[in-house]
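Got a predicted structure plus its sequence, pasted below:
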Amino acid sequence: MTTHIHPNLEGATVLFVDDEPQILRALERGMATLPCQIMLAESGEQALEIMSQQPADIIISDMRMPGMSGDELLSRIAEDYPETVRMVLTGYAEMSSVLKAVNEGHIWGYMSKPWNEEQLIISLEQAIYTQRILAEYSLLRRNMESYERQFRERFEGFIGSSVAMEFVYKSIEQCAPSHASVFITGPTGSGKEVTAAAIHNLSPRKNKPFLAINCAAIPHELMESEIFGHIKGAFSGAISNRQGAASLAHGGTLFLDELGEMDISLQAKLLRFIQTGCFQKVGSEKVEKVDIRFIAATNRDPLDAIQDKQLREDLYYRLNVISIHLPPLCERDKDALLIARNNLDKYSTQEGKVFIGIEENAENLIVNYPWPGNVRQLINTIHSAVIMSEGPLLSLQALGFALKLSNEELQQYSKRPLRKAPIQPISQPTNSPPSLSAESSSNGNTHDVTLNSNFDGSNLDKSCIDRSNIILPLAEVEKIAIERAISLCDGNVVKAAGELKVSPSTLYRKIQNWQTTA
């Protein structure tokens, strides 16, 4: 027998488990000429220790062993290493236990004792083929999910498919199921209330109330009543009892926008309310208790607001269990164009006009203009341009009129190439505590780097990146190299392994580990 007769086994790892050393030695001798690595364990406990160090592609275990039985061992393997193919060597008397294990999904197949070596080798080849099919399916599924995430243009009220917004979407999905407080930062008009509503709609509280209070829009003297409510006669003008947001949001979510605009003395009462869930209506001595999830937001750096005595430090850190930072529209690649097209359809229908698209130079302006008012400004601009023009194409002149741009500015924004936002770290507020899926850099800022399998460095805007701050862990560099090789080999893992000068089982094992830890 020569190694090239069984190419499917090349580079594979097989773990045999049996409490009888002579059986293990016989198996090892019978497999000695195969192009795969054979590992031996005399107990289930020893097998688990080996698997923790080097997960096998195939595990073949005896059923009856002292201590941990084969069924118990393979049940653990099925849970901890789902892509390892699990098989048993069994006698006729154990067949009922084997069939039960097959039905419960603990094992893939079995071989009878005594075994035929040729049949055993054929079974191993079939098993490793199955293992690779499962691994390739998992890789395909992961790539499809990544593709869908990368190109989804809509998410819970948001429009945009940029890398920056995909990070926001993922953060929302991760934090929504919890009950933790969330602090949202981002410039005016970037979608902080949309973010809060998305968190609520994806949370277990979605069927309960969502209340939003803009702290900058309510006079200070009325804010306490707005939040806690009041009883009749509590102050001049209180002609009846009134429920506040604290009562109305019971069981749901309370969103406090522009928190730094709230009177500093009222922030102390708010802190106690958040900590205890208890409050009193203005003018009442009755203590009420509610269950509310709190989300707060500000368009300022919260640490600057703390330094300027506009935001209590203890209140900020009580609310900032999870932080989400919304990027300005100018850092969202071509999301502005998606938003513009969507709102062109909306407002042309609303205003009873016919617009079928946007002129090319007008599209250039939309993507290149800095939009200091962000999404809100863009939406209002499109609405104004629809009202003030007739179509059927939204023109550069209509947008320029709505934005009050000079002819020089109009030419500047409409003729230069479309700006492409670089794939770069997404900054959190300066010195902010780490948020979900974020790593702290040495300078105190919080960053997250998103890379795809086609990353080669050429699509980075070097003028916008301090490369000294981008240090990837070696494991991440290895993962990028492997995914790139697989992509360049059209998804063929075996071919990619050949190009990388490693065995296919090494790649399958790494893919399995990524899936397990994802």
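Arrived safely.

pLDDT weak spots in this protein?
Counting by pLDDT under 70, the ranges of the chain that qualify are 1-8, 91-106, 137-138, 141-152, 416-472, 490, 494, 503-505, 512, 515-518.

Tell me how it divides into domains.
Here the domain assignment for the chain is 3-138, 163-329, 334-415, 441-517, based on automatic domain parsing.

With distance to G157 as extra columns, can I get those in JSON lines?
In this view, the C-beta of every residue, glycine as well, is placed from N, C-alpha and C. Listed next are the domains of the chain as JSON lines, based on distance: least, Cβ to Cβ, whole Å:
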{"stretch": "domain 3-138", "distance to G157": "32"}
{"stretch": "domain 163-329", "distance to G157": "5"}
{"stretch": "domain 334-415", "distance to G157": "11"}
{"stretch": "domain 441-517", "distance to G157": "22"}
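
can you redo those domains as JSON lines with mean neighbour count and distance to R154?
Shown next, in JSON lines, are those (neighbours: other Cβ atoms under 10 Å; distance: least, Cβ to Cβ, whole Å):
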{"stretch": "domain 3-138", "mean neighbour count": "18", "distance to R154": "27"}
{"stretch": "domain 163-329", "mean neighbour count": "18", "distance to R154": "10"}
{"stretch": "domain 334-415", "mean neighbour count": "18", "distance to R154": "9"}
{"stretch": "domain 441-517", "mean neighbour count": "15", "distance to R154": "19"}
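
mind checking which of the ones you listed is nearest E153?
In terms of Cβ to Cβ, the element of the domains of the chain nearest to E153 is domain 334-415, at 5.7 Å.

Show the end-to-end separation of the closest one, please.
Start and end residues of domain 334-415 are separated by 16 Å (Cα to Cα, to the nearest Å).

Check which helix or strand the residue nearest the centre of the chain maps to.
Centroid check for the chain by Cα atoms, centre = their mean gives K170 as the closest residue, at 3.1 Å. Using DSSP states H and E, K170 maps to helix 163-175.

Check the offset of that helix from the chain's centre.
5 Å (Cα atoms, centre = their mean, to the nearest Å).

what's it packed up against?
The elements that helix 163-175 packs onto, with contact taken as 3 or more Cβ pairs under 8 Å, 6 or more residues apart in numbering; DSSP states H and E, are helix 117-151, strand 154-155, strand 158-159, helix 192-201, strand 322-325.

Can you list the strands that the helix or strand that comes right after it pairs with?
Proceeding N to C from helix 163-175, the next assigned helix or strand is strand 182-185, under DSSP H and E. Neighbouring strands of strand 182-185 in its sheet, by DSSP bridges, are strand 293-298 (parallel), strand 322-325 (parallel).

Can you give the distance from the shortest one to the centre of its chain?
Mean C-alpha position of strand 322-325 versus that of the full chain (Cα atoms, centre = their mean) differs by 13 Å.

Okay, and the beta partners of S323?
S323 has these beta-bridge partners by DSSP bridges: F183.

Compile the helices and strands packed on helix 163-175 into CSV and extend it with columns for distance to P82.
Below are these laid out as CSV (distance: least, Cβ to Cβ, whole Å):
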stretch, distance to P82
helix 117-151, 8
strand 154-155, 29
strand 158-159, 34
helix 192-201, 31
strand 322-325, 30
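
could I get the strands paired with strand 182-185 as TSV with distance to N241?
Output for the strands paired with strand 182-185, formatted as TSV (distance: least, Cβ to Cβ, whole Å):
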stretch	distance to N241
strand 293-298	24
strand 322-325	35
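
Figure out which of those is closest to C36.
strand 322-325 (46.8 Å).

downstream neighbour of the closest one in the secondary structure list?
Moving toward the C-terminus from strand 322-325, the next helix or strand (DSSP H and E) is helix 335-350.

Report the angle between that next one and helix 163-175.
Counting by axes from the mean of the first three to the mean of the last three Cα atoms, to 10 degrees, helix 335-350 points 80 degrees away from the direction of helix 163-175.

Which neighbouring elements make contact with helix 335-350?
For helix 335-350, the packing partners by 3+ Cβ pairs under 8 Å, 6+ apart are strand 158-159, strand 357-358, helix 360-368, helix 374-388.

and the angle from it to helix 374-388?
Taking the same axes, to 10 degrees, one finds helix 335-350 and helix 374-388 inclined to each other by 40 degrees.

and the nearest residue to K208 once chain neighbours are set aside, what does it touch?
The shortest distance from K208 to any non-neighbouring residue, by Cβ to Cβ, 6 or more residues apart in numbering, is to G252 (3.4 Å). By Cβ atoms under 8 Å, 6 or more residues apart in numbering, the contact list for G252 reads 200, 205, 208-211, 292-293.

try it again with 7 Å
With contact set as Cβ atoms under 7 Å, 6 or more residues apart in numbering, G252 has these partners: 205, 208-210, 292.
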